[in-house]
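J.: Structure, please.
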Amino acid sequence: MSAIRPVRLRPRATAALVLASLGGLAAFLWPLLVQPGAALESTSAPLVFALLLPVLLAVVLAELSEGGMDTKALAMLGVLSAIGAALRPLGAGTAGIETVFFVLVLGGRVFGAGFGFVLGATTMFASALLTGGVGPWLPFQMLGAAWVGLGAGLLPRARGRTEMVILAGYSAVASLLYGILLNLSFWPFALGEHTQLSFDATRGVLGNLHSFLLFSIATSLGWDVGRALTTIALVLLAGPSVLAALRRAARRAAFDATPEFDATAPVTT
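T.: Predicted structure coming up:
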């Protein structure tokens, strides 16, 4: 059976997605890439990240303008984004429990990488509006979640137990990497300049990487592991039934169907 792709990554949308991802990586990793001795400006990084939001929106607009998302895909995106936004406040901030990744992984798996990318970004944006969590951290969260959905859509084909094992393993890796990336977004400004775990532009890449890993272990490893375990549990317990429901909805929506018009049919007035 052919894969269902309600959002097709045509050339322009693919280019926008690649550019957004490369820009996002540079924005996340800049503390590890600065030259030794460079001055740390606390106002520069938030500005760069704030500029990522228009880039993410440009990805969505590119897909829409190329005809890669029809009204049925928009409706499905709206439903899953609303579900994710509603689920996120139920677990966020409680012992690392994070329920929204379950939706992103399964949505990206069923509907493809393009849909997963947009789903991750819109879910975090809708959640921020719902909870009042709009701030300079939002572009980080949107791009990180978008990558989670994108990666789920790029996983190899499989069914049955093999598919669930792949999704569980991916959920663990994605959950941990998401936490690491989010730590990078605020680590240079979190501790000041005079602790062993602080960012120091004079240390170079290896020195700062060592400090960052210690910072992540000391501050967020427990939360990241909690996120991973929560997502794995949800995928293994509810994943088969949710995947079946999403695939059934996708078949009924017939995203890949091409409208046909009969020129010989009589015109009624």
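J.: Please enumerate the helices of the chain.
T.: Secondary structure of the chain (DSSP state H): helices at 11-33, 44-50, 52-65, 71-91, 100-111, 113-131, 138-153, 160-190, 204-219, 221-253.
J.: Tell me which of these sits most buried.
T.: helix 100-111 (a mean of 27; mean count of other CB atoms under 10 Å). C-beta coordinates here come from the backbone N, C-alpha and C atoms, glycine included.
J.: What helices and strands are in contact with that one?
T.: helix 71-91, helix 113-131, helix 138-153, helix 160-190, helix 221-253 (3 or more CB pairs under 8 Å, 6 or more residues apart in numbering; DSSP states H and E).
J.: Including distance to Arg10, could the ones you listed go into JSON lines?
T.: Output for these, formatted as JSON lines (distance: least, CB to CB, whole Å):
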{"stretch": "helix 71-91", "distance to Arg10": "14"}
{"stretch": "helix 113-131", "distance to Arg10": "9"}
{"stretch": "helix 138-153", "distance to Arg10": "15"}
{"stretch": "helix 160-190", "distance to Arg10": "25"}
{"stretch": "helix 221-253", "distance to Arg10": "20"}
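J.: wait, which of the ones you listed is closest to Leu29?
T.: Ranking the helices and strands packed on helix 100-111 by proximity to Leu29 (CB to CB) places helix 160-190 first, at 6.8 Å.
J.: Just give me how far the closest one sits from the chain centre.
T.: Put simply, helix 160-190 sits 10 Å off its chain's centre (CA atoms, centre = their mean, to the nearest Å).
J.: To Gln196, which of the helices of the chain lies closest?
T.: helix 204-219 (6.8 Å).
J.: Just want the angle from that closest one to helix 11-33.
T.: Going by axes from the mean of the first three to the mean of the last three CA atoms, to 10 degrees, helix 204-219 is angled at 90 degrees with respect to helix 11-33.
J.: From Gly160, how far out is Ala166?
T.: Not Ala; residue 166 is Ile. From Ile166 across to Gly160, the span is 11 Å (CB to CB, to the nearest Å).
J.: can you check Leu197 too?
T.: Leu197 is 45 Å from Gly160, where distance means CB to CB.
J.: My read is that Phe215 contacts Trp187, right?
T.: Yes - in terms of CB atoms under 8 Å, Phe215 counts as a neighbour of Trp187; the distance is 5.7 Å.
J.: Tell me the confidence at Ser185?
T.: Ser185 carries a pLDDT score of 81 in this model.
J.: So it is in contact with Leu29, correct?
T.: No - checked against CB under 8 Å, the pair Ser185 and Leu29 is beyond contact range at 10.3 Å.
J.: Kindly tell me how buried Gly192 is, as a neighbour count.
T.: Neighbour count for Gly192, taken as other CB atoms under 10 Å: 8.
J.: leaving aside the residues next to it on the chain, what's closest to it?
T.: The shortest distance from Gly192 to any residue other than its chain neighbours is 6.1 Å, reached at Ser198 (CB to CB, 6 or more residues apart in numbering).
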